[in-house]
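> this one's sequence-less:
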Ligand SMILES: Cc1cc2nc3c(=O)[nH]c(=O)nc-3n(C[C@H](O)[C@H](O)[C@H](O)COP(=O)(O)OP(=O)(O)OC[C@H]3O[C@@H](n4cnc5c(N)ncnc54)[C@H](O)[C@@H]3O)c2cc1C
């Protein structure tokens, strides 16, 4: 059964990132250690005792559509109610509209626990949180007053409607039409597919944030506007009085995440409110997407944690083979075999740096908002695609290794480990595929002078010098990786053809994640004398960081590596 990793979380928050110092002189100054501990303990109990036990239902009782009604596992009702009543939906929402007003870093911890406990269900509040953020930033006061209190309380829930059959990664290809009505509202007509939690009855209303196109608007992403389209139309006081014209055509049959209803929705002149300005919808939607991208990174992390826990538990009990270190033991738990230990250490260390990366991204977003610091804002957007892409890829890799450690039992459903593998797989695909994240990273986020990238490499150099003074055996590994990646960064920013950058985007992003991970491990070595943390840091730097050199080298092969030089293959 899942155990919330509270000690690990507290170590990162308090010792590694020194959250209290970070929040000095900000609006989060009142967030003290007791409050934080109280929240973590509350959500630990909820996740372990109430939510985790429903995770099997989320796999074995898929959401389905019967007589136009979405049927969910019965156990979801109480679990959702408890999440909403705990205030965990509107945890970072503005207190003015009924949110708890806590920083994103706290939401990130809460979301990790809820997602490890049940990924399918936790996706619902995650979508609502993104919507709350987008409305706070872009909606007018009337809309905020009607919708935000209900969303913050979880009474209503939110979705994100971008995808259409012909418009997936290419959002600019969407065709859903918006027509302005006489009363200033709009009418939406079109079809949206793959909408997570697009229909259900856990909440009394479902508010869709939807991208659509006005007649004669510019082509591509420049002609897209953002709308709020509720399932039930509320009056000025938020009382529901009319059903909107939205039809749930079907729910998808999926590889995993069975408890989350993924809907095909048809809008026929559905009443909608414009959010932000006409044709500026992409910018507004990015608020929701950035929030959701960190949220999806946390989903990846949550499944790494869950898979690692299951694998360690299994490896301690399953007996096979002789213990190479103890010839008297004829049958030993598989955790004593070198190959199993290597896999478990890989899983442990990748989960550790995934968590640190999610936390740093959340903290940077919090601080950038609070101090309105342009450098921190750009650093937050630099870290977001790395976190989304790396943590979700690692989620898949760790789940895969966990199956391997289970042997044949990993392929048999009753251990539950294949659910983790199937559930986590979508996280590399939705919220912008990992390939698209990598392109965003080397294109927009790296920029023309790579200043954020170089500032991170400089920080690593500084920490390298500190660790050198401690005569640690890992300094050379870090230096080698840093030099390789610095060369790759120089190469990236000197390319004139964007496709040269794109061709190395995926390995470049991974190399960056690996070196940022090494920086967390360096900080760990500098900060703590806890034996297990020191050993994990040394293992990561010696066994996983060297891949940074390989990825950096591949990142600079250029577009011909994938076009002219391989023309005859396809
Ligand atoms: C379970 C589930 C839940 C979802 N939830 C939501 C939701 O709530 N709201 C919503 O709006 N959408 C949702 N989606 C849709 C999801 O965001 C898209 O599936 C995703 O963005 C990819 O789009 P696509 O499926 O059309 O793939 P495509 O865009 O067709 O991509 C196919 C492959 O081509 C690659 N590719 C595409 N374009 C490029 C390019 N220019 N350069 C390089 N490579 C490229 C992609 O990386 C990918 O590997 C969900 C999907 C699923 C399966």
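Looks like it arrived, so ask away. What you see is a predicted model, and the numbers here were worked out from it, not measured in a lab. Numbering: from 1, shown residues only.
> CA atoms for contacts and neighbours, from now on please.
Noted.
> moving C-terminal of the lowest-mean-pLDDT helix or strand in the chain, what's the next helix or strand?
One helix or strand of the chain scores below all others by mean pLDDT, DSSP states H and E: helix 19-22, with a mean of 88. For helix 19-22, the following helix or strand on the C-terminal side (DSSP states H and E) is helix 33-45.
> List the buried residues of that following helix.
Buried residues in helix 33-45, counted by 16 or more other C-alpha atoms under 10 Å: 39-40, 43-44.
> so which strand or helix has the closest residue to residue 412 other than its chain neighbours?
Using C-alpha to C-alpha, 6 or more residues apart in numbering and skipping the chain neighbours, the partner closest in space to residue 412 is residue 418 (7.6 Å). Per DSSP H and E: residue 418 is located in helix 417-425.
> Briefly note if that helix comes near the ligand.
No - Helix 417-425 lies apart from the ligand when judged by C-alpha under 6 Å from any ligand atom; the minimum separation is 9.2 Å.
> quick one: average pLDDT of that helix?
Averaged across helix 417-425, pLDDT comes to 98.
> got the residues of the protein near the ligand?
Counting by C-alpha under 6 Å from any ligand atom, the chain sits next to the ligand at 160-163, 168-169, 194-196, 262, 429-433, 435-436.
> State the distance from residue 132 to residue 90.
To residue 90, residue 132 is 8 Å away according to C-alpha to C-alpha, to the nearest Å.
> Now the common contact residues for those two.
Taking C-alpha atoms under 8 Å, 6 or more residues apart in numbering as the criterion, residue 132 and residue 90 both touch 151-152.
> any idea how far residue 108 is from residue 196?
20 Å.
> One more: residue 120?
Residue 120 is 17 Å from residue 108, by C-alpha to C-alpha.
> what's the answer for residue 507, then?
27 Å.
> which of these two has more neighbours?
Of the pair residue 507 and residue 108, residue 108 is the one with more neighbours under other C-alpha atoms under 10 Å, namely 23 against 20.
> okay, the angle between whichever strand or helix holds the more buried one and helix 417-425?
Counting by DSSP H and E, the element that carries residue 108 is helix 104-117. For helix 104-117 against helix 417-425, the angle by axes from the mean of the first three to the mean of the last three C-alpha atoms, to 10 degrees is 140 degrees.
> now helix 104-117: mean pLDDT?
Averaging pLDDT along helix 104-117 gives 98.
> longest single strand anywhere in the chain?
In terms of residue count, the longest strand belonging to the chain (DSSP state E) is strand 262-275.
> now the helices: where do they sit in the stretch 401-550 of the chain?
Using DSSP state H, counting those that start in this stretch, the helices of the stretch 401-550 of the chain run over residues 408-411, 417-425, 434-440, 451-469, 475-493, 498-503, 505-527, 531-543, 546-555.
> before we move on, the earlier item: from the chain's centre, how far out does the longest strand of the chain sit?
26 Å (C-alpha atoms, centre = their mean, to the nearest Å).
> Leaving aside the residues adjacent along the chain, what's closest to residue 557?
Closest to residue 557 by C-alpha to C-alpha, 6+ apart is residue 504, at 7.0 Å.
> how about the one you found, what does it touch?
554-559.
> where's the residue of the chain positioned farthest from its centre relative to residue 315, distance?
What lies farthest from the middle of the chain is residue 328; by C-alpha atoms, centre = their mean that is 47.0 Å. Between residue 328 and residue 315 the distance, using C-alpha to C-alpha, works out to 20 Å.
> same deal with residue 493?
46 Å.
> Neighbour count: those two, which is higher?
residue 315 (22 against 17).
> list the contacts for the more buried one?
333-335, 340, 405-406.
> Residue of the stretch 401-550 of the chain closest to the ligand, please.
Nearest to the ligand, among the residues of the stretch 401-550 of the chain, is residue 430, at 3.8 Å (C-alpha to the nearest ligand atom).
> Regarding this protein, what is its longest helix?
helix 281-317 (DSSP state H).
> Next, the angle from it to helix 104-117.
Using the same axes, to 10 degrees, helix 281-317 lies at 50 degrees relative to helix 104-117.
> how about helix 281-317: buried residues?
281-285, 287-312, 314-315.
> Return the set of buried residues in the helix or strand just after that helix.
Next along the chain after helix 281-317, taking DSSP H and E as the criterion, comes helix 338-371. For helix 338-371, the neighbour count (16+ other C-alpha under 10 Å) marks 340-341, 343-368 as buried.
> what's the offset of the helix holding residue 108 from the middle of its chain?
Distance, centroid of helix 104-117 to centroid of chain: 10 Å (C-alpha atoms, centre = their mean).
> what does that helix rub up against?
Residues contacting helix 104-117 (C-alpha under 8 Å, 6+ apart): 2, 4, 9, 36, 40, 43-44, 47-48, 51-53, 55, 88, 91-92, 121-123, 126, 295, 298-299, 301-303, 305-306, 358-359, 362-363, 365-366.
> element containing residue 212, please.
Using DSSP H and E, residue 212 falls in strand 205-213.
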